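Peer 1: Below is the sequence, then the predicted model.
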Amino acid sequence: MPVRYQIAGATAAEISASVEAGIRADALPAGATLPAVRALAAELGLSPATVARAYQDLRQRGLIVTAGRAGTRVRPRPPVTGPRSVLR
């Protein structure tokens, strides 16, 4: 059974940092589904407003995308391209 990344935090900033750390470590790969706001709030013993604020911050920073009832997912990473050549 695969191990699920455990999002942690007691504030919106801590939750946001936890999700970002999971993304950077590839524990939350592109396309991974994040828990629903209410489910994560219940799991962490926090207000749904706190989790919603964390998700809003992550969305504004381009790390996650939301699709209403279809859920919240880690945003696909843009393709990596080589360095641009300088025209002279």
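Peer 2: Everything's here; your move.

Peer 1: would Arg73 count as being in a strand?
Peer 2: Yes. When classified by DSSP: H, G, I helix; E, B strand; the rest coil, Arg73 is found to be part of a strand.

Peer 1: who does it bridge with?
Peer 2: Applying DSSP bridges to Arg73 gives these bridge partners: Thr33, Val65.

Peer 1: and it, how far is that from Ile64?
Peer 2: 7 Å (CB to CB, to the nearest Å). Every C-beta, even on glycine, is put in place using the N, C-alpha and C of the backbone.

Peer 1: which neighbours do those two share?
Peer 2: Here Arg73 and Ile64 have Leu34 as joint contacts, going by CB atoms under 8 Å, 6 or more residues apart in numbering.

Peer 1: Compare those two and say which one has the larger neighbour count.
Peer 2: More neighbours surround Ile64 than the other of Arg73 and Ile64, with 23 against 16 (other CB atoms under 10 Å).

Peer 1: Now for that one: which residues touch it?
Peer 2: When contacts are counted by CB under 8 Å, 6+ apart, Ile64 touches 19, 34, 55, 58, 72-75.

Peer 1: before we move on, what about Val74?
Peer 2: Contacts here follow CB under 8 Å, 6+ apart; on that basis Val74 touches 23, 28-32, 34, 63-64.

Peer 1: how about a cut-off of 10 Å?
Peer 2: Val74 is in contact with 19, 22-23, 26, 28-34, 58, 63-65, counting by CB atoms under 10 Å, 6 or more residues apart in numbering.

Peer 1: Looking at the residues you listed, which two lie furthest apart in space?
Peer 2: In the contacts of Val74, two members sit farther apart than any others by CB to CB. They are Asp26 and Val65, at 17.7 Å.

Peer 1: Those two: which is more packed in?
Peer 2: Using other CB under 10 Å, the more surrounded residue of Asp26 and Val65 is Val65, with 15 against 11.

Peer 1: I figured that one hits Arg75, correct?
Peer 2: Yes. Shown here, Val65 and Arg75 form a contact pair, counting by CB atoms under 10 Å, at 5.0 Å.

Peer 1: Please consider this matter closed, and thank you.
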